[in-house]
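In: The sequence and its predicted three-dimensional model are supplied below.
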Amino acid sequence: MVAEELLGKLLVRVTDTGMTVVRINEVEAYLGVEDPACHTFGGRRTPRTETMWGPAGRAYIYLVYGLHHCLNVVTVGEGSPEAVLIRGAEIVEGRDVIRSRRGGLLPLQALTDGPGKLCQALEITRADDGVDLCSEESALSIRDDGFDSSAIRIRRLPRVGVEYAGDAAGWPLRYVSLSRV
DNA sequence: TCTAGGATCGGCT
DNA sequence: GCCGATCCTAGAT
């Protein structure tokens, strides 16, 4: 499953204010039209979700609660609107840049331990919606640095914040890497 | 055009 | 541990 493969991968962000690299350690899968918690449940196709209906490997970024951005990776491709939400990551490079963006003297882990925080830390906004994460030319890309993902222990947990989805809220589609520091 | 509600965060008790 | 902020999106009218 793609969600598990994303654990341990590097997320590389390049902006005017600096380059930052984080290692993904928490993700959540959304299974498209059959998943009541997914934005595309039942075949919904709107301007917001258009990116999810497109090719795999793109970033799907949306705004929740009018305040926070969330970063997703489109996983399947044309006609199958499935995606993986990046919930958390560990800072590899650029911690000073991230600290200045997030402000304050928060502990390192608190800078990127939620979807909204992660986007703020990496300066990800709707302007980045639809970028190709597989291209190293992109301002935002995912790379594999050879980190042995089979060595990390993965814990599967119920998803977060989707109680409204009924039974689907309990599906164990949240993957947490236990090697997080 | 209007209205309800949300894949969160941070402050307060 | 609980509650309110805040504004965009989507579906209803």
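Out: In hand now; what should we look at? Residues are numbered from 1 along each chain as shown, chains lettered A, B, ... in the order given.

In: And the biggest strand by length in chain A, what's buried?
Out: Using DSSP state E to assign secondary structure, the strand with the most residues in chain A is strand A:18-30. Residues of strand A:18-30 classed as buried under the neighbour-count rule (16 or more other Cβ atoms under 10 Å) are A:Thr20, A:Val21, A:Val22, A:Arg23, A:Ile24, A:Asn25, A:Glu26, A:Val27, A:Glu28, A:Ala29, A:Tyr30. In this view, the C-beta of every residue, glycine as well, is placed from N, C-alpha and C.

In: Closest one of those to DNA strand C?
Out: Taking Cβ to the nearest atom of the strand as the measure, DNA strand C lies nearest A:Tyr30 of the buried residues of strand A:18-30, at 14.0 Å.

In: For the closest one, which non-adjacent residue is spatially closest?
Out: Take A:Tyr30 and drop its neighbours on the chain: the residue closest to it by Cβ to Cβ, 6 or more residues apart in numbering is A:Cys38, 4.1 Å away.

In: Work out for me the element A:Glu137 sits within.
Out: Assignment of secondary structure by DSSP states H and E places A:Glu137 within no helix or strand.

In: And the strands in chain A, which stretches?
Out: Read by DSSP E, chain A holds these strands, from start to end of the chain: A:10-15, A:18-30, A:59-64, A:68-74, A:83-93, A:140-143, A:154-157, A:174-177.

In: so can I have TSV of those strands showing distance to A:Cys119 and mean pLDDT?
Out: Formatted as TSV, the strands of chain A follow (distance: least, Cβ to Cβ, whole Å; pLDDT from 0 to 100):
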stretch	distance to A:Cys119	mean pLDDT
strand A:10-15	10	96
strand A:18-30	11	95
strand A:59-64	7	95
strand A:68-74	4	96
strand A:83-93	9	95
strand A:140-143	10	97
strand A:154-157	21	92
strand A:174-177	18	94
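
In: now these in JSON lines, with distance to DNA strand C?
Out: Formatted as JSON lines, the strands of chain A follow (distance: least, Cβ to the nearest atom of the strand, whole Å):
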{"stretch": "strand A:10-15", "distance to DNA strand C": "21"}
{"stretch": "strand A:18-30", "distance to DNA strand C": "14"}
{"stretch": "strand A:59-64", "distance to DNA strand C": "5"}
{"stretch": "strand A:68-74", "distance to DNA strand C": "8"}
{"stretch": "strand A:83-93", "distance to DNA strand C": "13"}
{"stretch": "strand A:140-143", "distance to DNA strand C": "18"}
{"stretch": "strand A:154-157", "distance to DNA strand C": "16"}
{"stretch": "strand A:174-177", "distance to DNA strand C": "18"}
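
In: Since that was my last question, I'll sign off now.
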